[in-house]
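Engineer: have a look at this prediction, sequence included:
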Amino acid sequence: MSFKILCYGVEPYEEHLYHEQNKYGYELTLVHELLNKDNGHLAEGFDAVLLFVNCIADRDNIKRFHDYGIKYVFTRTAGFNHIDLEAAAEYGIKVARVPAYSPNAIAELSVSLAFSLSRHTTFTTDRTKDLNFEVAEPMFSKEIRKSTIGIIGMGNIGCVEAELFKGLGAKVVGYDVFQSDRAKALVEFMELDDLLAASDIVSLHLPYFPGKNENFVGEDFISKMKDGAVLINTARGEVVDEAAVLKAIKSGKLEGFGADVLTEETRFFGKDFSDGKEFPDETIKELIAQYPKVLITPHVAAMTTEAVSNMIATSFENFNELLTKGTLKNEVKLPETSK
């Protein structure tokens, strides 16, 4: 008997990877749209669903899945804040994730954004596309090898980013509550305030814990940063107060801001507002308008062949482990329920 999996949020150019990685012969249905409040019904008749970032696995959808007899709601991402874990616990649904996938994909985008902002390449190419080849003061830049890079969150991604910057000759410092041996060999660990004061570029790789570290980067955080520093966020949008960043960009406190994530990004990522339709957040709209001092990408850091293949393969291994062994090493621990 086949095992039917509905995969939400699959781009057409990714489809071949799902079939290439499907060594267990699952019966796959690939849906381009992310799970939202209107398309949960598509899962009727399936044994499991596989989600992507920004899918809305809220209580209503979790209940709907339960009513359809679905016992497994897995995500092919490391983060799982898009899943209502309390509802999953109440309805007896198992949740699993992909704890690691090509850290190079995320680290490389972080470095790319940092380079573009510190060397002002976007500013420059934005002028030359209009056939303006005059040299302007913002093109005058500091070399990376003469810069200090501060990385907050020294897990796999932070370590790879440190390796990339060190390969370019930069001084790299780090901050993390947990300091692995690998990280200690790569960076000089500092207290957070000391890192902020020393760093020309600050890159975020900390996880988001709902109700605990929203707006971790706010006005107080930014005030402790070096004047003219660059801030990069490829972690989660909710850890940054975009209003505080906007204020800092306008005042010149920050030289630039690069991000692949934004607060409550499901409101606009994956949607096109270029036709003039109303944008749902005026602060973020104004922040984006600070281009080229602000560079935003729509959560595409993991959009590499290697990373997507890793996500899919690990997800399929998660299903196979549970179905054949009854174990699930990548299971997300659910809160206790009184039921």
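Structural biologist: Now that the structure is in, tell me what you want to look at. Numbering: from 1, shown residues only.
Engineer: show me where the stretch 101-250 of the chain has helices.
Structural biologist: Counting by DSSP state H, counting those that start in this stretch, the stretch 101-250 of the chain has helices at residues 103-118, 121-128, 156-167, 181-186, 192-198, 219-223, 242-251.
Engineer: export these to JSON lines and tack on mean neighbour count?
Structural biologist: Placement of C-beta: from N, CA and C, glycine included. Formatted as JSON lines, the helices of the stretch 101-250 of the chain follow (neighbours: other CB atoms under 10 Å):
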{"stretch": "helix 103-118", "mean neighbour count": "22"}
{"stretch": "helix 121-128", "mean neighbour count": "15"}
{"stretch": "helix 156-167", "mean neighbour count": "21"}
{"stretch": "helix 181-186", "mean neighbour count": "14"}
{"stretch": "helix 192-198", "mean neighbour count": "17"}
{"stretch": "helix 219-223", "mean neighbour count": "16"}
{"stretch": "helix 242-251", "mean neighbour count": "18"}
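Engineer: dump the ones you listed into a markdown table; add mean pLDDT and distance to residue 303 as well.
Structural biologist: Compiled in a markdown table, the helices of the stretch 101-250 of the chain are given as follows (pLDDT from 0 to 100; distance: least, CB to CB, whole Å):
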| stretch | mean pLDDT | distance to residue 303 |
| --- | --- | --- |
| helix 103-118 | 96 | 8 |
| helix 121-128 | 96 | 19 |
| helix 156-167 | 96 | 15 |
| helix 181-186 | 96 | 26 |
| helix 192-198 | 98 | 29 |
| helix 219-223 | 98 | 29 |
| helix 242-251 | 98 | 23 |
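Engineer: what's the closest of those helices to residue 316?
Structural biologist: helix 103-118 (19.1 Å; CB to CB).
Engineer: picking that back up, how about the helices of the stretch 101-250 of the chain in TSV, adding distance to residue 12?
Structural biologist: Formatted as TSV, the entries for the helices of the stretch 101-250 of the chain read as follows, by distance: least, CB to CB, whole Å:
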stretch	distance to residue 12
helix 103-118	20
helix 121-128	28
helix 156-167	27
helix 181-186	37
helix 192-198	42
helix 219-223	40
helix 242-251	31
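Engineer: of those, which is nearest residue 327?
Structural biologist: Closest to residue 327 of the helices of the stretch 101-250 of the chain is helix 156-167 (CB to CB; 23.3 Å).
Engineer: specify the angle between the longest helix anywhere in the chain and helix 103-118 in degrees.
Structural biologist: When every helix of the chain is counted residue by residue (DSSP state H), the longest turns out to be helix 305-325. Here the directions of helix 305-325 and helix 103-118 differ by 150 degrees (axes from the mean of the first three to the mean of the last three CA atoms, to 10 degrees).
Engineer: which residue ranges of the protein form strands?
Structural biologist: 4-7, 27-30, 48-51, 72-75, 94-96, 148-152, 171-175, 188-189, 201-204, 229-233, 254-259, 294-296 (DSSP state E).
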